[in-house]
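Engineer: need a structure here:
(one chain, ligands or ions: 1)
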Amino acid sequence: MKRFFLLILPVLIIILAGFAGITYFRDRAERLRMMDELARKVKALAESSESMVLTSLKTKNYTQLKKFAGSFEKRERIQGALIYETAGKKVIISSSIKELEAVLKQEAVKAAKVKKSSDSVLETAAGGIYSYAVPVIDNNKYVLGAVVIAHDASYIDKLSGEMWRLMALYMSLLALLLIIVILLLSRTLFIMPLIKLTEWFKKFQSGEINYSTQVKSGDEFEKLINEVEQVALSLRIAKKAANEEASIRTKKTEAWNDRRLKDLVKAKIGDNAFFVVSNREPYMHVTDNITGKVKCIVPVGGVVTALDPVMRASGGTWIAHGSGDKDREFVNSRDKLGVPPDNERYILKRVWLTKEEEDGYYYGFSNEGLWPLCHVTHTRPVFRREDWEMYIKANRKFADAVLEELPGGSPVVFIQDYHFTLLPHMIKEQRPDAVVVLFWHIPWPNPEIFSICPYYKEILKGMLACDIVGFHTQFHCNNFLDTANRLLENRIDTEKFSVVMNGHETFIRPFPISVGGYTHTEVEAAAVYAKEKLCPAYGLEGIKTGVGVDRIDYTKGIVERITALNRFFEKYPEQKGRFTFIQIGAPSRTNIKKYNELINEIDAEVDKINLAYGTENWKPFIYIKKHLSYSEILPFYTMADLCIVSSLHDGMNLVAKEFVSAKKDNDGVLILSSFAGASRELEEALIINPYSAEEFADAIYSGLEMDIDERKRRMESMREVVGEGNVYKWAGSIIDEIALITGKNQ
Ligand code: F6P
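Structural biologist: Next comes the predicted model:
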């Protein structure tokens, strides 16, 4: 549109200037002509009346003069005569110009005095009046008086005004006509061919059409079209070759790594057809509270930890809420940017939510409703109607953002978590060809508990529009199938582990999520840093350490952990001064009251334990209450003798797997809650019930006292699990499953 205005504006200015110039000169000439005509007419009238006025003044025949003055009164335009008698200073004037008597008399007196005719234009409220004064002189050169004829001249202005109006009308019509013509021409000549070419390029790239479908133009555009066709063809051929190569490579059995995942995505999904949707974005631009500068952070949480390496390998587009205060400054016109910012591997598309939407959808319905409902950690879920409405609205916003991006030819949309239960249905409604997978990162409760949610029907229907719904464990799959069976009308296929509703089949599958794993170089560098910097900084030389890394969330069992540590020092007092626990806690969801209360409770508990057992040189508990990056956390893992994961309920918990992955020397003990999904795989951890302070304290003691052989044996076994079942395998299994159900697995 802006471009169109730039094109049309000079044309309009030229037309306007042209018309204004022509009108001005025509108007001037016309005015001069009319004024001249009027002057001649008035002059002739004045001069022709001179002899009659002379005779009448001589004979003092005022009746004749009055008759003469009265003869003007019925005329259409204002006009009249004034006769001035020098001797008696008498004035006879037509009633039509009575108001002008004073000025006209002056004209008459002046003409009589100088014995010369003169004219002038008087400006009156009713418009211009043209007057012509003639002295009345007898044969003896004696001035008897003067006669003035006045005539309306305002019609000249009126005619001129009308001409300007008419010209303006013609000009507007012409301009309108020109705009329409230019618009039609530019559409036909430029816009349409470009739209056609863009559409063709998109379809050709997505494989919807082949090169026998050509774009024809038949003019100068032909050359550009030819070039674009060549580029498109080369790109497609290169892509096909890469996909075939990838497909060959995927047949070879090798360990799961980023390369193998990349090949699998290429072979089974193709390029630019993989879309991830999550609430939390992998990279946030925020203002640093201390320096006031903008920084890019990777938020804490399982989804980001797991999916960023997957997306780096597979490429594609990740659509997420742009929640950083500076996020808008780093996107292009379509709200996208390449990430990671220093090594762009995939596209991040940010979706903007209003504060009201974020409060209702994220803090309210998702985290005060569904989160406590599914975790069953004795925090009462809250379901407010307004939050539900915002949840629908936000899901719709994300649906629009996804639909805007989807190319033709069955793209894959991989949705994360409980924030988007309605999204699968919204996408499928518009794009039934899209393959929609939802992965549920948190636990799924039993049907009785799930039915507490007043909107459980809408949620289940939304989810059952998916082709696949994934959970971390078989146990949560079973709970989901049970819930779908008990709360909705549908058919459960126990052989295939699927739900058939309204003719659509949704497969329910366990995919245990994992981590990408640290490299040897990363671990070695972190170990050196820990030894040289962290230990002296925290006064930990010669002291055994434990570590916990969590978002500050009531499901993570942080308070229970401190209770167990209290019991540990109470029960095993000889451990005082020999062991310190380091808790890294990232404040999270701080707009929610429960989370704030928890932050205060933990602060108080930390003070208590340090007061109860701490000495001048030693602290039982070090609390680092802030967000640390992935690389900042690694030195703590390498340094720690044990790691505690004491979730009261957790879908998987990736901290457990991160710790194992960091222990390249196979030395370290993991204490793991039996209520975290990870405990199903990491069986060689010391499995605890976090609610039992006694059992928990004993596990800490066992971990610290465990002999080296057992420590190594257990860690080696856990490292095998994490090494083989890494996050590339997790994503690969989901893609294999997609290929299986869509028939792309040949
Ligand atoms: O595991 C559940 C989850 O919502 C993940 O999606 C995310 O990694 C984590 O909790 C963090 O939550 P939030 O994005 O609300 O900070």
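
Engineer: in the stretch 301-450 of the chain, what residue lies closest to the ligand?
Structural biologist: In the stretch 301-450 of the chain, the residue that lies nearest the ligand is Gly301 (2.5 Å; C-beta to the nearest ligand atom). The C-beta positions use only the backbone N, C-alpha and C, and glycine is treated the same way.

Engineer: thought that residue was touching Val549?
Structural biologist: No. Gly301 lies out of contact with Val549 (C-beta atoms under 8 Å); the separation is 11.5 Å.

Engineer: which of these two has more neighbours?
Structural biologist: Taking other C-beta atoms under 10 Å, Gly301 and Val549 do not tie; Val549 has more neighbours (25 against 19).

Engineer: pull the one helix or strand the more buried one maps to out as PDB, backbone CA atoms only.
Structural biologist: Element membership for Val549, per DSSP states H and E: strand 544-551. Extracted as PDB, the C-alpha positions of strand 544-551 are listed here (Å, rounded to 0.1, in the frame of the first residue of the first chain):
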ATOM      1  CA  LYS A 544      31.700 -33.700  50.500                       C
ATOM      2  CA  THR A 545      28.900 -32.000  48.600                       C
ATOM      3  CA  GLY A 546      25.400 -32.700  47.500                       C
ATOM      4  CA  VAL A 547      23.500 -30.700  44.800                       C
ATOM      5  CA  GLY A 548      19.900 -30.000  44.000                       C
ATOM      6  CA  VAL A 549      18.800 -28.000  40.900                       C
ATOM      7  CA  ASP A 550      15.100 -27.000  40.700                       C
ATOM      8  CA  ARG A 551      12.600 -24.400  39.700                       C
END
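
Engineer: now what about that strand, what contacts it?
Structural biologist: Residues outside strand 544-551 that contact it (C-beta atoms under 8 Å, 6 or more residues apart in numbering) are 300-301, 556, 558, 561, 578-586, 588, 628, 633, 636-637, 639-646, 655, 658-659, 700, 703-704.

Engineer: equivalent analysis for stretch 55-71, please.
Structural biologist: Counting by C-beta under 8 Å, 6+ apart, 49, 52-53, 80-83, 85, 90, 92-95, 136, 138, 144-145 sit against stretch 55-71.

Engineer: tell me the mean pLDDT for it?
Structural biologist: Averaging pLDDT along stretch 55-71 yields 91.

Engineer: buried ones in that stretch?
Structural biologist: Judged by neighbour count (16 or more other C-beta atoms under 10 Å), stretch 55-71 contains these buried residues: Ser56, Leu57, Gln64, Leu65, Phe68, Ala69.

Engineer: which two among the residues you listed are spaced furthest apart?
Structural biologist: Across these, the longest distance by C-beta to C-beta is 13.2 Å; it joins Leu57 and Ala69.

Engineer: can you select the buried ones from the contacts of strand 544-551 in PyMOL?
Structural biologist: Typed into PyMOL, the line below selects the buried ones among the contacts of strand 544-551, using 16+ other C-beta under 10 Å:
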select buried, resi 300+301+556+558+561+579+580+581+582+583+584+585+586+588+628+633+636+637+639+640+641+642+643+644+645+646+655+658+659+700+703+704
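
Engineer: so which of the contacts of stretch 55-71 are also by the ligand?
Structural biologist: On the criterion C-beta under 6 Å from any ligand atom, none of the entries of the contacts of stretch 55-71 sits beside the ligand.

Engineer: going by neighbour count, list what's buried in the strand holding Val549.
Structural biologist: Going by neighbour count (16+ other C-beta under 10 Å), the buried part of strand 544-551 is Thr545, Gly546, Val547, Gly548, Val549, Asp550, Arg551.

Engineer: A strand includes Ala146, no?
Structural biologist: Yes. Ala146: assigned to a strand according to DSSP: H, G, I helix; E, B strand; the rest coil.

Engineer: narrow the contacts of strand 544-551 to those in helices?
Structural biologist: Ile558, Arg561, Ile633, Phe636, Tyr637, Met639, Val655, Glu658, Phe659, Ile700, Gly703, Leu704 (DSSP state H).

Engineer: and stretch 435-448, anywhere near the ligand?
Structural biologist: Yes. Stretch 435-448 is in contact with the ligand by C-beta under 6 Å from any ligand atom, via His441, Ile442.

Engineer: average pLDDT across that stretch?
Structural biologist: Mean predicted confidence for stretch 435-448 is 98.

Engineer: endpoints of that stretch, how far apart?
Structural biologist: Using C-alpha to C-alpha, to the nearest Å, the end-to-end distance of stretch 435-448 comes to 30 Å.

Engineer: return the distance of it from the chain's centre.
Structural biologist: 28 Å (C-alpha atoms, centre = their mean, to the nearest Å).

Engineer: what ranges does the stretch 301-450 of the chain have for its strands?
Structural biologist: Using DSSP state E, counting those that start in this stretch, the strands of the stretch 301-450 of the chain run over 317-321, 336-339, 346-351, 412-416, 435-439.

Engineer: pLDDT and distance to Tyr361 added to the ones in helices among the contacts of strand 544-551, as CSV?
Structural biologist: CSV is the format used below for these (pLDDT from 0 to 100; distance: C-beta to C-beta, whole Å):
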residue, pLDDT, distance to Tyr361
Ile558, 98, 27
Arg561, 98, 31
Ile633, 97, 30
Phe636, 98, 34
Tyr637, 98, 34
Met639, 98, 40
Val655, 98, 27
Glu658, 97, 29
Phe659, 98, 33
Ile700, 98, 40
Gly703, 98, 41
Leu704, 98, 45
